[in-house]
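Structure of the sequence below:
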Amino acid sequence: MIGQKQLEQIWANLLKLGSRRLIALAMIGVSIFAMTGLAGYFLSRPALETLYAGLDRQDVSRIGAALKEADIAFDVNAEGNTILVRYGETARARMLLAEKGLPNSPNAGNELFDKLGSLGLTTFMQEVTRVRALEGELARTIQLMRGVKAARVHVVMPDEGSFRRTREPPSASVVIRTEMADDVGAAKSIRHLVASAVPGMTMEEVTVLNTEGVLLASGNDLADSAPGGMLTLERTVSQEILDNIRKTLTPYLGLRNFQVSVATRLNTDKKQTNETIYNPDSRVERSVKVTRQNQLSQNSTAQSPTTVERNLPQENVKADDGKQSNEESKKSEELTNYEVSSKTIATTSGGFAIDNISVAVLINRASLMASLGDRPAPEALGKQLGELEQLIASAAGARKERGDAIKISAVDFIDAGRDLEPQPPPPVSELLMRQSGNVLNAVTILVVTLLLIWFGLRPAARAILAAPAPAAVEVAELETLSGEGAAGDANMEIGGWGPQGEVNLIEDLTSAPRRSPQKRLEQIVEFDEEQAAAILKQWMSQGEYA
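Purely as a prediction, here's the structure:
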């Protein structure tokens with residue numbers, strides 16, 4: 001009931017205020033609440049500065065997603081083409097976006113042709129625009145590859161000369177930023193992509209570098225690509241062996257009770273072996289050649305007779321001492337040709353061979369001793385390490401004749417759980433220093449709110465909640481003006497004032513208590529001249545009687 005009476009009193013007081021005062025009171029309340037809300041909004045709002053301006057919608061959405069992922073507060077202007085961040089975070093945000101290749105220029109690809117007119121373009125300008133568009137499209141395509149954060153492409157198209165016999169091939173240079181440390185595979189793919197996209201370009205004319213200045217691929221020089229490929233291959237083989245060892249030891253020891261390191265040395269020399277094998281058992285008669293030869297010869301010799309005059313030949317002289325010989329020979333040859341089957345083997349080895357493997361394994365002694373029971377003997381520990389060495393050798397494919405080395409040691413591991421212990425909370429002073437800006441903003445908002453309530457709402461509420469003052473207040477004020485004590489008669493004279501002037505008169509008199517009596521009298525006369533004249537007549541009559 002008390003609350004209902006207060007509400008009825010407030011409602012009656014509001015009705016007595018009049019329309020003009022109600023409107024003024026409503027405007028004061030709305031102004032106070034609006035000023036308080038605006039002050040709280042602007043004081044609590046962090047100060048922002050421009051990160052990038054003149055962006056398109058795609059870049060704004062991509063940059064917003066990247067900043068949100070990095071937990072950086074940002075805002076977008078009303079036009080939607082400018083991104084704002086807090087002061088002090090601009091450099092960090094730009095470095096983060098640069099790693100991701102943002103923002104992408106809207107005029108980097110084929111969009112360059114959208115703003116070109118048909119008039120005023122020379123052949124050189126058209127060629128430059130075409131090359132820029134090609135570079136932009138290639139950069140966009142390369143950035144779509146997994147692991148590539150940013151890419152920049154430079155294409156050089158040769159000038160066509162009228163007096164050249166041979167045409168120079170086009171060339172290109174690509175600079176990439178990748179997430180992974182091993183970016184040799186990406187460089188090979190990029191070379192094929194760029195060479196296929198530019199007419200007349202070969203893969204040897206494409207050079208790929210990373211942002212650290214390391215040459216990834218260039219020309220057809222195998223000396224440049226061999227070390228990188230060799231290193232990548234060794235890492236791949238070592239990682240495969242490491243995974244096999246981990247799969248073997250994890251069910252036995254646990255994931256946190258051992259550490260493995262594997263080093264592999266490979267031999268990638270190319271070998272070519274030619275081998276021919278003949279099988280004498282699988283002979284086949286191919287041809288037979290038979291040669292027979294008979295020879296008969298007769299020889300006879302006659303000697304001249306000796307005379308005194310031997311220099312003179314004698315006619316019809318018989319020489320009985322001549323010699324005769326007969327010779328007969330026979331020869332037979334047979335030649336048989338056989339075809340013997342043969343097998344030729346040509347082996348070309350272009351892969352790799354493992355020269356040696358080195359494996360180092362550290363085992364947690366406490367875990368190993370716990371698995372052996374209480375107080376295990378040293379022989380049991382050595383036997384356990386021997387079994388583990390055999391398991392590791394089998395998992396790694398190690399061979400002693402190849403020179404592979406396996407080393408196992410049982411040591412005490414440092415307790416890694418200490419690194420995961422919860423950190424003590426920061427002291428209150430540090431928290432206050434971190435939130436000093438927010439505290440100052442909150443204090444400022446409270447001070448502004450209190451000032452508005454004290455100088456705005458408090459007088460307005462007092463005027464609303466206060467009941468209409470009795471006529472004695474008016475009489476007292478008038479007596480103060482006259483300086484005489486005739487309160488009884490004055491009350492009778494002033495009691496006939498209309499109710500419509502009480503509130504305004506009381507407010508006018510109480511709103512400025514420091515005004516002079518003359519000023520107050522002027523206000524009373526201006527408010528109601530008839531009543532003021534009656535009061536003055538009463539004062540004059542009282543003076544005459546006195």
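
And I453, what's its pLDDT?
Looking at I453, its pLDDT reads 76.

Quick check: it is in a helix.
Yes. Assessed with DSSP: H, G, I helix; E, B strand; the rest coil, I453 lies in a helix.

Now N267. Nearest residue, chain neighbours left out?
Closest residue to N267 apart from its sequence neighbours, by C-beta to C-beta, 6 or more residues apart in numbering: A353 at 4.6 Å. Any C-beta I mention is one placed from the backbone N, CA and C, and that applies to glycine too.

Got the phi and psi for that neighbour?
When read as degrees, to the nearest 10, the backbone of A353 gives phi -130, psi 140.

and it, how far is that from Q6?
Computed as C-beta to C-beta, to the nearest Å, the A353 to Q6 distance reads 100 Å.

circling back to that earlier point, the residue nearest to N267 against L266, yeah?
Yes. Counting by C-beta atoms under 8 Å, L266 is a contact partner of A353 at 6.9 Å.

so how far is S349 from the nearest residue to M230 once chain neighbours are set aside?
In this structure, M230 finds its nearest non-sequential neighbour in T268, 6.0 Å apart by C-beta to C-beta, 6+ apart. From T268 over to S349 the distance is 10 Å, taken as C-beta to C-beta.

shared neighbours, the two?
Both T268 and S349 lack any common contact, where contact means C-beta atoms under 8 Å, 6 or more residues apart in numbering.

Give the burial count for N81, as a bare number.
15 (other C-beta atoms under 10 Å).

Hmm, I typed the wrong one, I wanted R458.
Neighbours around R458, by other C-beta under 10 Å: 11.

tell me the pLDDT at it?
71.

Look up how far S394 lies from I354.
For I354, the distance to S394 equals 15 Å [C-beta to C-beta].

Counting neighbours, go ahead and name the busier of the two.
I354 (17 against 12).

The more buried one: what secondary structure?
strand.

State the pLDDT value of it.
87.

Not counting its neighbours along the chain, what's nearest it?
Nearest one to I354, counting by C-beta to C-beta, 6+ apart, is L266 at 6.0 Å.

Helix or strand for that neighbour, just tell me which one.
Element membership for L266 (DSSP states H and E) is strand 258-267.

Report all helices and strands that that strand contacts.
helix 222-253, strand 353-364 (3 or more C-beta pairs under 8 Å, 6 or more residues apart in numbering; DSSP states H and E).

Just checking: what are the partner strands of the shortest one?
Strand 353-364 has these partner strands in its sheet, going by DSSP bridges: strand 258-267 (antiparallel), strand 405-411 (parallel).

still on that earlier bit, for A353 and L266, indicate the residue with more neighbours.
Ranked by neighbour count (other C-beta under 10 Å), A353 and L266 place L266 first, with 19 against 11.

From V411, how far off is that one?
Distance, L266 to V411, by C-beta to C-beta: 30 Å.

With P251 instead?
21 Å.

And these two? Which one has more around it.
V411 (11 against 8).

Name whatever forms a beta bridge with the more buried one.
Beta-bridge partners, per DSSP bridges, of V411: N364.

Quick check: pLDDT value at the residue most central in space within the chain.
Using C-alpha atoms, centre = their mean, the residue of the chain that lies closest to the mean C-alpha position is K100, 4.9 Å off. pLDDT recorded at K100 is 77.

ok, now T232?
74.

And for it, the neighbour number?
Counted with other C-beta under 10 Å, residues neighbouring T232 total 14.

before we move on, what about E160?
E160 has 8 nearby residues by other C-beta under 10 Å.

same deal with N299?
9.

Contacts only, for it.
Contacts of N299 by C-beta under 8 Å, 6+ apart are Q324, S325, N326, E327.

can you rerun that using 6 Å?
Contact analysis of N299 by C-beta atoms under 6 Å, 6 or more residues apart in numbering lists S325.

what's the spacing between it and A353?
In terms of C-beta to C-beta, N299 sits 78 Å off from A353.

State the next helix or strand along the chain beyond the particular helix or strand that has L67 in it.
Element membership for L67 (DSSP H and E) is helix 57-69. Using DSSP H and E, the helix or strand that follows helix 57-69 in sequence is strand 74-76.

Packing partners of that next one?
Strand 74-76 is packed against strand 82-86, with contacts defined by 3 or more C-beta pairs under 6 Å, 6 or more residues apart in numbering; DSSP states H and E.

quick revisit: can you get me a residue count around the residue nearest to M230?
Count around T268 with other C-beta under 10 Å applied: 14.

any idea how far M230 is from the residue nearest to N267?
According to C-beta to C-beta, A353 stands 13 Å off from M230.

still on that earlier bit, name the stretch among the strands paired with strand 353-364 that sits most buried.
strand 258-267 (a mean of 17; mean count of other C-beta atoms under 10 Å).

immediately after that strand, which helix or strand?
strand 271-301.

Direction included, what does that following strand pair against?
For strand 271-301, pairing defined by DSSP bridges yields strand 323-349 (antiparallel).

gap between the strand it pairs with and the chain center?
81 Å (C-alpha atoms, centre = their mean, to the nearest Å).

hmm, back to that, if you average pLDDT over each of the helices and strands packed on strand 258-267, which is lowest?
helix 222-253 (a mean of 80).

List the buried residues for that one?
Residues S225, G228, E234, V237, S238, I241, L242, N244, I245, T248, L249, L253 are the ones in helix 222-253 that count as buried (16 or more other C-beta atoms under 10 Å).

now these as a markdown table including distance to L138?
Formatted as a markdown table, these follow (distance: C-beta to C-beta, whole Å):
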| residue | distance to L138 |
| --- | --- |
| S225 | 22 |
| G228 | 23 |
| E234 | 32 |
| V237 | 34 |
| S238 | 35 |
| I241 | 39 |
| L242 | 37 |
| N244 | 41 |
| I245 | 43 |
| T248 | 46 |
| L249 | 47 |
| L253 | 51 |
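
Show me which of those residues is closest to I406.
Distances from I406 to the buried residues of helix 222-253, taken as C-beta to C-beta, are shortest for I245 (9.9 Å).
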